[in-house]
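Asker: just a sequence and a predicted model for now, questions to come.
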Amino acid sequence: MVSGLINANPVIYEKKQRRVRRAPSVGDDEHAVEPIDQIEVFDILFIIIFFNSVPKDIKDPEHPYSLEELKVITEDAIEVDDNNSYVRVTFTPTVEHCSMATVIGLCLRVKLMRSLPQRYKVDIRVAPGTHATESAVNKQLNDKERVAAALENPNLVDMVDECLAPSYA
């Protein structure tokens, strides 16, 4: 975690109860294209309990809480257009001058890049009016070259991987 917290006392919310996913049956076609919806994307990002595995929350870079517990992301903030292979995730930083907004957005992007089929275009946005440098953060998070450059920085990749690491709490 980061020293010198920007938001030393964030509001903590209760996590949403998750559904347990079933393992594919022997007769399931492993090459079939399954539709993806808003709930599935939320499950990918938070507490997905997949085949009875370890819950995987995305942790806040500054706090020992998940982005769901801080209400940085909610199910309603996810838009999915499966027919056009498009996903938009809008997140709300806990404070308008959050210096970790870009890292949080990068964590969301990386998690979806690792989890969704490659056919999906992912758009990550800061909720309008919730961050002092909203347009700059949005530009960074949705520019392929900037994202690729960020993912070449070993310190940044370590921070993202720490946020995405399985939680055992």
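Answerer: Noted; the coordinates are in hand.
Asker: just the CA trace of stretch 81-100, in PDB.
Answerer: Taking Å, rounded to 0.1, in the frame of the first residue of the first chain, the C-alpha atoms of stretch 81-100 are listed here in PDB:
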ATOM      1  CA  ASP A  81     -23.100  -4.400 -25.700                       C
ATOM      2  CA  ASP A  82     -22.400  -8.000 -26.500                       C
ATOM      3  CA  ASN A  83     -23.500  -7.800 -30.100                       C
ATOM      4  CA  ASN A  84     -20.900  -5.100 -30.800                       C
ATOM      5  CA  SER A  85     -18.300  -6.600 -28.400                       C
ATOM      6  CA  TYR A  86     -18.100  -3.500 -26.300                       C
ATOM      7  CA  VAL A  87     -17.700  -3.000 -22.600                       C
ATOM      8  CA  ARG A  88     -17.600   0.400 -20.700                       C
ATOM      9  CA  VAL A  89     -16.700   0.600 -17.100                       C
ATOM     10  CA  THR A  90     -17.200   3.900 -15.300                       C
ATOM     11  CA  PHE A  91     -15.600   4.300 -11.900                       C
ATOM     12  CA  THR A  92     -15.800   6.900  -9.200                       C
ATOM     13  CA  PRO A  93     -12.700   7.800  -7.200                       C
ATOM     14  CA  THR A  94     -13.300   8.200  -3.400                       C
ATOM     15  CA  VAL A  95     -12.000  11.800  -3.600                       C
ATOM     16  CA  GLU A  96     -11.900  14.200  -6.600                       C
ATOM     17  CA  HIS A  97      -8.100  14.700  -6.300                       C
ATOM     18  CA  CYS A  98      -7.200  11.000  -6.100                       C
ATOM     19  CA  SER A  99      -3.700  10.500  -7.400                       C
ATOM     20  CA  MET A 100      -4.400   6.800  -7.900                       C
END
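Asker: touching, Phe42 and Val80? I think so.
Answerer: No - with contact defined as C-beta atoms under 8 Å, Phe42 does not count as touching Val80 (9.7 Å). In short, each C-beta sits where N, CA and C put it, glycine included.
Asker: which SSE is immediately downstream of the lowest-mean-pLDDT helix or strand in the chain?
Answerer: Lowest on mean pLDDT, DSSP states H and E among the helices and strands of the chain sits strand 49-50, with a mean of 40. Toward the C-terminus, strand 49-50 is succeeded by strand 78-81 as the next helix or strand (DSSP states H and E).
Asker: list the contacts of that next one.
Answerer: By C-beta atoms under 8 Å, 6 or more residues apart in numbering, the residues outside strand 78-81 that reach it are Ile36, Asp37, Gln38, Glu40, Val41, Phe42, Leu45, Tyr86, Val87, Arg88, Val89, Thr90.
Asker: and the strand or helix carrying Thr90, which strands flank it?
Answerer: Thr90 belongs to strand 86-91 when assigned by DSSP H and E. Take DSSP bridges as the rule and strand 86-91 pairs in its sheet with strand 78-81 (antiparallel), strand 121-126 (parallel).
Asker: having no further points to raise, I will conclude here.
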